[in-house]
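>>> Sequence and predicted model, in that order:
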Amino acid sequence: MTAANPRIRRALISVSDKSGVIDLARALAESGVEILSTGGTSAAIKAAGLAVKDVAEHTSFPEMMDGRLKTLHPRVHGGLLQVRGNIEHEAAAAEHGIAPIDLLVVNLYPFEATVAKGAPYADCIENIDIGGPAMLRAAAKNHVAVTVVVDPADYARVLEAMAANEGGTTAELRRELARKAYVLTAAYDGAISNWLGGEIGKANGDLSAVAFPPTLTVQLAKTQSMRYGENPHQKAAFYVERHAPAGSIATAHQVQGKELSYNNIADTDAALECVKAFADRPACVIVKHANPCGVAEAGTLADAYDRAFRTDPESAFGGIIALNRPLDEITAKSILDRQFVEVIVAPGVTPAAEAAVAAKKNVRLLIVSEWGQVELPRQDWKKVTGGLLVQDADIALEAELRVVTKRQPTEAEMADLRFAWKVAKFVKSNAIVYARDQATVGVGAGQMSRVNASRIAVIKAEMAGLEVKGSVVASDAFFPFADGLLSAAGAGATAVIQPGGSMRDDEVIKAADEKGLAMVLTGMRHFRH
């Protein structure tokens, strides 16, 4: 033990999550540490046959007001806050019977879990912890002398440090644990303020305030520092939401390959979210610069990849490949033999496929957990200078499919229309997608003119040696004029799917009838800027 690693002689333990707390208390007791505790935690420690002193006995002040008042006392906070070695502090402590507390182990009332299960307002209020955050802030402020622990995963680290430092912990560990304490209290207060803003909104008749409170507090954890951002002169890092969904880039596991870059992560997210739209059959999405350049379904994963690649072999070079089935050896070898690929992401990988990819050590192979058939509501954020745009994620696909032309689409055309519509949702606006037999034929993305998006899609199909004639076409938004539809008809498309809603819908429908096209309206737009 040194002055930098002061010995832990007294600990206060008060936890809602009691995972591992008995083993911790037992180890502390064996090290000669006096244990103070409250309520359920004290009862659990006593039941384990360990010595524990109730905080009420320590403070000579009874717990009261349904437990709201128990640790808010000078003998607790003075014990946490007093500066060791400070003559005035030590004199005040001696005068008022304040003993130092060297270790604080606290996690907080489960406020977010209480809200999530739909508990009544009064129950949510009662699960707002007051004493816990106050103690955590006090101990974290005085981390020069006090060790503060909020995560059961850190219990072993503290005990290991004590074993190596004659019953003390290192300054580096105390500083790190203090930061974690403030991370917890910040997130906790943010969750409360967000919830309370929503409740006030509901009381005032503004139901939107539940999802969009008057003040939005968010907390993200840095999982990666990057060499650079979109361009080499930009610094960057990757931050992840506290409750990031399964089956997402934020929760992906990297099996092999170089470190993911800023652009890798953005493009992999685009590819993964697109391929998740396909569930019934094996599917492959190839993305370049955040746009799908090839998408296909097939009977096997290898065939789906082959058909997606054929849409636009030029753009596929250096692209991101997302699959909706575990990567198998045949598909892996097909990809690696045919093209340079930056990232392959899939919900699993066979041992043989993993071995095949290992031969290309720079290829990044990511595994994501299985995603559900029904997406849970979530929000999308877009940073603008000085602010943040927040919206519901674009999860729904269509409001109601309506055939508005004289000619009904054939069964095969309808299957292709549904396929093309799914793809168009993930293509940057203005977006035009030609498809046939559940594979893209040509993709026109991110154009200022919808007509030009259609022209580009046709050009790309021709460059890939694909036949547009006989395909169907999807448009992410309505045709404001008939020219976009006429362009598709001129290229040989036989059926069209689009949202509808233009002032000139009648004109567009008439043009479709004159060209013998079948047209389906979805009633839902999918701009993607």
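Happy to help now that I have it.

>>> how many other residues sit next to Ala359?
As a burial measure, Ala359 scores 10 neighbours (other C-beta atoms under 10 Å). (Each C-beta comes from the backbone N, C-alpha and C, glycine too.)

>>> And it, how close does it get to Leu260?
For Ala359, the distance to Leu260 equals 20 Å [C-beta to C-beta, to the nearest Å].

>>> Then Ala352?
In terms of C-beta to C-beta, Ala352 sits 24 Å off from Leu260.

>>> and those two? which has more neighbours close in?
Set Ala352 next to Leu260 and count neighbours by other C-beta under 10 Å: Leu260 wins out with 21 against 14.

>>> so who does that one touch?
224, 238, 254, 268, 343, 364 (C-beta atoms under 8 Å, 6 or more residues apart in numbering).

>>> let's go with 10 Å and repeat that
Residues near Leu260 by C-beta atoms under 10 Å, 6 or more residues apart in numbering: 224, 226, 238, 249, 252, 254, 266-268, 342-343, 364, 366.

>>> Among these, which one lies nearest to Ala302?
Val343 (18.3 Å; C-beta to C-beta).

>>> which secondary structure elements does the host helix or strand of the closest one contact?
Following DSSP states H and E, the helix or strand that holds Val343 is strand 341-346. Applying 3 or more C-beta pairs under 10 Å, 6 or more residues apart in numbering; DSSP states H and E, we find strand 341-346 packed against strand 253-256, helix 262-275, strand 283-288, strand 319-323, helix 329-338, helix 351-358, strand 364-367.

>>> Am I right that Asp506 is in a helix?
Yes - Asp506: assigned to a helix according to DSSP: H, G, I helix; E, B strand; the rest coil.

>>> ok, it to Phe481 distance?
12 Å.

>>> do Arg504 as well
Taking C-beta to C-beta, one finds Arg504 at 6 Å from Phe481.

>>> Can you give me the neighbour number for Ile54?
Heads up, residue 54 is Asp, not Ile. Neighbours of Asp54 (other C-beta under 10 Å): 17.

>>> Begin at 9 from now on, thanks
All set: I'll call the first residue 9, so the last point we hit is now Asp62.

>>> residues contacting the residue lying closest to it once chain neighbours are set aside?
Excluding its sequence neighbours, the residue lying closest to Asp62 (C-beta to C-beta, 6 or more residues apart in numbering) is Ser50, at 5.5 Å. Taking C-beta under 10 Å, 6+ apart, we find Ser50 in contact with 21-22, 43-44, 60-65.

>>> Just these: which are in helices?
Using DSSP state H, 63-65 are the members of those that sit in helices.

>>> would a markdown table of the residues you listed with pLDDT and distance to Val435 be doable?
A markdown table is the format used below for the ones in helices among the contacts of Ser50 (pLDDT from 0 to 100; distance: C-beta to C-beta, whole Å):
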| residue | pLDDT | distance to Val435 |
| --- | --- | --- |
| Val63 | 83 | 61 |
| Ala64 | 82 | 64 |
| Glu65 | 78 | 68 |
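
>>> Correct me if wrong: Ser437 contacts Asp484.
Yes - counting by C-beta atoms under 10 Å, Ser437 touches Asp484, with 5.6 Å between them.

>>> Looking at these two, which has the bigger crowd around it?
Per other C-beta under 10 Å, whichever of Ser437 and Asp484 has more neighbours is Asp484, with 26 against 19.
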